[in-house]
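Peer 1: whatever this is, show me its structure:
(chains A and B)
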Number of protein chains: 2
Amino acid sequence: MPEFLKLKSVNEARAVFYQALGEVHPGAEWIPSLSALGRVTAESVVAQEYLPAFSRSAMDGYAVQAADTFGASESLPLRLKIVGELPMGAEPALVLHPGEAALIHTGGMLAQGVDAVVALENCRALSSLVLEVFTPVTSGENVIFKGEDVKPGKVVIPAGKRIRSAEVGGLFSLGVTQVSVVQKPLFGILSSGDEVVPPTAIPSIGQVRDINSESLAAVVEAAGGRYQFYPIVPDNREQLRQSIRLAYQQSDAVLITAGSSVSSRDITAELIHELGQPGVLVHGINIRPGKPTILAVCNGKPVIGMPGNPMSALVIAELFLKPLVAWMLGEINPAPRPMLQARLTVNLPSQVGKEEWLPVRLVPRGAEWLAEPIFFKSNLIFQLADAAGLLHIEPDATGKMAGEMVDVLIF
Amino acid sequence: MPEFLKLKSVNEARAVFYQALGEVHPGAEWIPSLSALGRVTAESVVAQEYLPAFSRSAMDGYAVQAADTFGASESLPLRLKIVGELPMGAEPALVLHPGEAALIHTGGMLAQGVDAVVALENCRALSSLVLEVFTPVTSGENVIFKGEDVKPGKVVIPAGKRIRSAEVGGLFSLGVTQVSVVQKPLFGILSSGDEVVPPTAIPSIGQVRDINSESLAAVVEAAGGRYQFYPIVPDNREQLRQSIRLAYQQSDAVLITAGSSVSSRDITAELIHELGQPGVLVHGINIRPGKPTILAVCNGKPVIGMPGNPMSALVIAELFLKPLVAWMLGEINPAPRPMLQARLTVNLPSQVGKEEWLPVRLVPRGAEWLAEPIFFKSNLIFQLADAAGLLHIEPDATGKMAGEMVDVLIF
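Peer 2: This is a model prediction of the structure:
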């Protein structure tokens, strides 16, 4: 067991963990584009068509030849001959010649000869045959040309992109109704402890229900992974070894909530270390809460020993587990996660060198938010339900002052 | 048709819309707690048990009577008699008397007589029978008393709360494996336009695929609702009337993407207005993009005429549709949606009085983000795929300067 491992900072822990993990090569599956929201593309989506497929108007107005409008003004309007109306949803039969104009609607296909559209508010039909134009248009004005958005062969969505509603729309605009996405990584989740019983059980006196497995499963699923639970193991080295090994063999990643005593955490670290190379990389992070966290990579598979305290587990889930799921999905350039700016209501001293995350209530006041720290006691899960987010105290800060604006991570 | 309706500001539009909509009374359903992430509670969850169910240690250490440790120091340690080890997961058989200490692990049940725990690092066992204590503890220190988190009858999760992973854990800690949540509101989604074909169709020349229905469906689903599509309707008043009426009757809310010409938007507004009281409240919002938006409430059901331009639809979905889904779910105190602070790369003039949302790329630079505006042309959906978020320009701003920090809504 690597006894030499010291507390690492959050950044050091991340660096050593991802360096050991390296690039992932997840499998792919084809799914309907309408189910693809939140999934990550496994390969680039390449356009097979022009978009738009034909040159069309971006406005309600009159289709013209731009050159015919040069010099037009309110005081000296130019006159064009109205030769008809261009249909919606069909190819126009007419061809526009110099000196002519045709009524067109937004989205209507341009007739041959048309290179611009005069918006309705910049012209007036004097009769069904005569149009007065008050403002000149340049070639291409108020029109979208064929292929201006996309031409065949263009990569419209790169591999490794998390699909948002904009991408769902984009896929359908090209008629792409199936998309190849990365398979959801499977997280094996297990808890140990002589006092721990499944959440569906009635605990005897001295026993507690396992809660971290369920809340970690929720985090994994929301981040884009899937999970499988393993039975709760008593504080017995051999049973724990077998269970960890089974989860490791059957899953893409393993989350273990070990018994909460120091010795069971040490045993857990030893058993994780046995699984494969390089083994345990981080045994303790310089963060509060969340210190007793184990990060390991065993033959390419990530294994995390989660802290048992629910608040600690939540912080580690936000800072390490969610990004790990994104990493395993091969997500490129994950969307930045903005922090809420809020005004702190009390003075908060902090220990230099330790990164802190403090649960806060958020109270609206005028246009801003007040952040009221919740001074929590270890293991009280329902104080979490009061918290809207986690106030961040950087490791180099000696604390935060009442009235100061602080960063709050919303969860 | 209410011709008198003028462009409303975003805030005015919101106010008039929600005032007309009023409080919702959604139905409820029981679901497994493990599937409840992101759902909204339909009724309060009331604890039936104590949590913790027994007084327990929060540390690895020695269970003591606090009074026995008063005056202990490094230089003058106090000695206690070690009388055994308290078991994990079971009720201790021993009773602790004055002058005695018992080994205890984190989460272990306190024996009778114990009122504090001395942490391991603050004491030392001289033998299996003698403990030296270096630091005094006060009564209650390092222990969690029965019911300290929750007592029977306490509302642990109020009605109208969006369930996060913390609440999932909380439910299981009490053995609550089923929870009553609000039914997902059903959004009827329909598009109209002579030129519009379903996204699965091969468009003929002059036709385009419907894309907004699919991207709006994705937004509705992600926000916690469900949806049903209605067939695309040509620009025919009677067919559109029947289709809108059907969607209105079968759904809890209706989203219509009308043909993009001014006249079809006007017809849509008239048909919505016929559905019920008070009818169309907002016909045009002073925002760019997203101006041609219709907000209506018809006999208590919300109906939105969405802009046809995909970028406009996305902005209106962020600002109006997502909050509407939360409102219909009866969500109380939705989590604040933080904006990313980013540094603008170019000068951006803006028209005073109009709220603007401009798509931007985000580029990391050192510890901050650069916001590079994407100058988009109407209807180009794949420029959206480049955008990481929307830069906000408040209605009273004349613009933003290069180098200024700006707010970006991440989508």
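
Peer 1: name the element residue A:325 belongs to?
Peer 2: Per DSSP states H and E, residue A:325 falls inside helix A:322-328.

Peer 1: mind listing residues that contact that helix?
Peer 2: A:14, A:18, A:21, A:24, A:26, A:162, A:185, A:187, A:219-220, A:223-225, A:252-253, A:302, A:304, A:334 (Cβ atoms under 8 Å, 6 or more residues apart in numbering or on different chains). The way it works is simple: take the backbone N, C-alpha and C, and place the C-beta from them, glycine included.

Peer 1: and with 6 Å instead?
Peer 2: A:24, A:185, A:223-225, A:334 (Cβ atoms under 6 Å, 6 or more residues apart in numbering or on different chains).

Peer 1: who does the very next helix or strand once past that helix touch, helix- and strand-wise?
Peer 2: Sequence-wise, the next helix or strand downstream of helix A:322-328 (DSSP H and E) is strand A:340-344. Counting contacts by 3 or more Cβ pairs under 6 Å, 6 or more residues apart in numbering or on different chains; DSSP states H and E, strand A:340-344 packs against strand A:368-373, strand A:405-410.

Peer 1: so which of the ones you listed comes closest to residue B:75?
Peer 2: The minimum distance between residue B:75 and those falls on strand A:368-373, with 35.9 Å, by Cβ to Cβ.

Peer 1: in terms of secondary structure, what does that closest one contact?
Peer 2: strand A:340-344, strand A:355-365.

Peer 1: I'd like those written out as JSON lines, with distance to residue B:272 and mean neighbour count added.
Peer 2: Below are those laid out as JSON lines (distance: least, Cβ to Cβ, whole Å; neighbours: other Cβ atoms under 10 Å in any protein chain shown):
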{"stretch": "strand A:340-344", "distance to residue B:272": "36", "mean neighbour count": "20"}
{"stretch": "strand A:355-365", "distance to residue B:272": "33", "mean neighbour count": "19"}
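
Peer 1: save these as TSV, and put in mean pLDDT too.
Peer 2: TSV is the format used below for the helices and strands packed on strand A:368-373 (pLDDT from 0 to 100):
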stretch	mean pLDDT
strand A:340-344	96
strand A:355-365	93
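
Peer 1: all helices of the stretch 101-250 of chain A, in order?
Peer 2: A:165-173, A:212-223, A:237-250 (DSSP state H, counting those that start in this stretch).

Peer 1: what angle separates the first one from helix B:212-223?
Peer 2: Orientation check (axes from the mean of the first three to the mean of the last three Cα atoms, to 10 degrees): helix A:165-173 against helix B:212-223 gives 150 degrees.

Peer 1: now do the longest one
Peer 2: Computed with the same axes, to 10 degrees, the direction of helix A:237-250 lies at 170 degrees from that of helix B:212-223.

Peer 1: any part of the helix or strand of chain A with the lowest mean pLDDT near chain B?
Peer 2: Least confident helix or strand, chain A: helix A:381-386 with a mean of 80, by mean pLDDT, DSSP states H and E. Yes: contact of helix A:381-386 with chain B (Cβ under 6 Å from any Cβ of the partner chain) involves A:381-382, A:384-385.

Peer 1: which helices and strands does that helix pack with?
Peer 2: Helix A:381-386 packs on helix B:165-173, going by 3+ Cβ pairs under 6 Å, 6+ apart.

Peer 1: who touches the helix it packs on?
Peer 2: With Cβ under 6 Å, 6+ apart, helix B:165-173 has contacts from A:199, A:209, A:211, A:214-215, A:218-219, A:310, A:314, A:381-382, A:384-385, B:33, B:37, B:157.

Peer 1: low pLDDT regions in chain A?
Peer 2: Scanning chain A for pLDDT under 70 picks out A:1-5, A:260, A:376, A:378-379.

Peer 1: I figured residue A:374 hits residue A:359, correct?
Peer 2: Yes: using Cβ atoms under 6 Å, residue A:374 is in contact with residue A:359, at 4.6 Å.

Peer 1: many thanks, we can stop here.
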